[in-house]
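Trainee: Here's a sequence, model it:
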Amino acid sequence: MDVFKAGDVFEVALQIEKHGERFYRHAMTLTDDSRAKEIFGFAAEEEAKHRKLFESMAAKVEKDYKPPETYPGEYCNYVTAYAENLVFPDEEQDAKFGAIDTVEDAVEFAIQKEIESILYYLEMKNFVPAHQREEVDRIIEEERKHYLKMSDLKRTIG
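Mentor: Residues are numbered from 1 along each chain as shown. Below you'll find the model as predicted:
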């Protein structure tokens with residue numbers, strides 16, 4: 001049976017933020033529109049900040065923290081399945097980025113990834129110690145703002 005490691009939830013979050021930062025930096029190269037570049041650059045910096053926050057949270061998590069489970073191994077199975085569908089190896093991520101060659105495609109991809117991130121963090125919140133949930137809520141709010149910025153950008157470039 002798999003054993004829960006509290007850091008697993010943060011490892012997935014770290015990968016989401018790492019890939020997000022790389023994507024937004026790639027997206028900046030797809031346009032000469034200064035507003036789009038500014039928004040993509042802002043989002044890249046935010047993802048880097050989130051990654052650092054998750055690193056800090058992971059370092060402080062109790063090693064023996066037990067999330068609520070209805071059967072042994074439930075959490076580990078859940079996180080593994082979620083991560084397999086959300087976080088891809090760098091090579092696969094690079095291939096996805098390489099297929100995006102217009103700012104419109106980049107914005108659509110960003111919107112989808114922001115939604116996926118929000119959903120992951122909402123789920124993640126259920127598996128972290130109570131004293132860390134406020135920090136996760138703060139990141140969820142920031143991801144929602146990114147979603148709104150990308151949605152606004154989509155309207156202005158479309």
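Trainee: in the protein, what spans have low per-residue confidence?
Mentor: 1-7, 61-67, 80, 83-90, 158 (pLDDT under 70).
Trainee: can you rerun that using 50?
Mentor: For the chain, the stretches with pLDDT under 50 are 1-4.
Trainee: Where do the helices of it begin and end?
Mentor: 7-28, 34-60, 74-86, 90-98, 103-124, 133-157 (DSSP state H).
Trainee: can you list those in a markdown table and add distance to P68 and mean neighbour count?
Mentor: Using the backbone N, CA and C atoms, a C-beta is placed for each residue, glycine as well. What follows is the helices of the chain, written out as a markdown table (distance: least, C-beta to C-beta, whole Å; neighbours: other C-beta atoms under 10 Å):
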| stretch | distance to P68 | mean neighbour count |
| --- | --- | --- |
| helix 7-28 | 13 | 21 |
| helix 34-60 | 19 | 17 |
| helix 74-86 | 8 | 15 |
| helix 90-98 | 32 | 13 |
| helix 103-124 | 13 | 19 |
| helix 133-157 | 13 | 16 |
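Trainee: got the contact list for the residue nearest to Y24 when sequence neighbours are not counted?
Mentor: The shortest distance from Y24 to any non-neighbouring residue, by C-beta to C-beta, 6 or more residues apart in numbering, is to A44 (3.7 Å). A44 makes contacts with G20, E21, Y24, R25, M28, as judged by C-beta atoms under 8 Å, 6 or more residues apart in numbering.
Trainee: Which members of the residues you listed are the farthest-apart pair?
Mentor: G20 and M28 (13.0 Å; C-beta to C-beta).
Trainee: Just give the nearest non-adjacent residue to Q93, would you?
Mentor: Per C-beta to C-beta, 6+ apart, closest to Q93 is H19, 5.2 Å.
Trainee: Surely that neighbour and D94 touch.
Mentor: No - if you go by C-beta atoms under 8 Å, H19 and D94 don't touch, sitting 9.8 Å apart.
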